[in-house]
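S.K.: A structural model of the following input is requested.
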Amino acid sequence: MRWLGIGIGVLIILAGAIVLVSPGVILAWGRSMITPRGLTAIAALRIILGLIFLLTAPASRARWALRALGALVIIAGLTTPWFGVERSRAVLGWITSAQPTSTLCGAAAAMVIGGLLVYAYWPRAQAPAK
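M.R.: Below you'll find the predicted structure:
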């Protein structure tokens with residue numbers, strides 16, 4: 001299960017890197033996902049990710065942080081359908097019109113969070129045998 005958490009962290013790092021290199025790719029993908037069916041898929045993905053964080057937290061270096069993150073992600077997944085298509089489009093429009101610096105800060109934050117996930121799940125070095 002630890003490797004699942006590492007894989008999620010690497011995917012988050014890659015998504016942040018894609019936003020740094022070409023923010024339009026992620027924004028176009030986001031626009032295509034803002035449909036009732038797309039929001040349901042996003043909600044399901046968030047709930048699954050939250051459950052993964054909760055279930056894999058005991059095998060990590062940051063149990064309490066991953067449990068808290070898992071709970072927040074599950075809550076975000078449960079509230080996603082109520083957010084609605086129109087409000088989601090408005091938020092994406094706001095992100096698109098924001099300064100490039102804020103997009104870069106968001107990408108950097110995603111990469112840091114992904115790196116912290118990789119660190120939290122990476123196996124600890126074994127002490128040398130005496």
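S.K.: correct me, but residue 74 touches residue 45?
M.R.: No - with contact defined as C-beta atoms under 8 Å, residue 74 does not reach residue 45; the gap is 11.4 Å. To be clear about C-beta, it is placed using only N, CA and C from the backbone, and glycine gets the same treatment.
S.K.: where along the chain do the helices fall?
M.R.: Ranges of helices in the chain, per DSSP state H, are 2-21, 23-33, 36-56, 63-83, 85-97, 100-121.
S.K.: so can I have a markdown table of those helices showing mean pLDDT?
M.R.: Below are these laid out as a markdown table (pLDDT from 0 to 100):
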| stretch | mean pLDDT |
| --- | --- |
| helix 2-21 | 92 |
| helix 23-33 | 83 |
| helix 36-56 | 94 |
| helix 63-83 | 93 |
| helix 85-97 | 84 |
| helix 100-121 | 91 |
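S.K.: now render those as CSV, adding mean neighbour count.
M.R.: Below are those laid out as CSV (neighbours: other C-beta atoms under 10 Å):
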stretch, mean neighbour count
helix 2-21, 16
helix 23-33, 13
helix 36-56, 16
helix 63-83, 15
helix 85-97, 12
helix 100-121, 16
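S.K.: what about stretch 74-84, distance to the chain center?
M.R.: Put simply, stretch 74-84 sits 14 Å off its chain's centre (C-alpha atoms, centre = their mean, to the nearest Å).
S.K.: okay, it in PDB with CA atoms only?
M.R.: Output of stretch 74-84 as PDB, limited to C-alpha atoms (Å, rounded to 0.1, in the frame of the first residue of the first chain):
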ATOM      1  CA  ILE A  74     -13.200  12.900   1.500                       C
ATOM      2  CA  ILE A  75     -15.100  15.900   2.700                       C
ATOM      3  CA  ALA A  76     -14.100  17.700  -0.600                       C
ATOM      4  CA  GLY A  77     -15.300  14.700  -2.500                       C
ATOM      5  CA  LEU A  78     -18.700  14.600  -0.700                       C
ATOM      6  CA  THR A  79     -19.300  18.300  -1.300                       C
ATOM      7  CA  THR A  80     -18.200  18.400  -4.900                       C
ATOM      8  CA  PRO A  81     -21.600  17.500  -6.400                       C
ATOM      9  CA  TRP A  82     -23.300  20.300  -4.400                       C
ATOM     10  CA  PHE A  83     -20.800  22.900  -5.700                       C
ATOM     11  CA  GLY A  84     -22.400  22.600  -9.100                       C
END
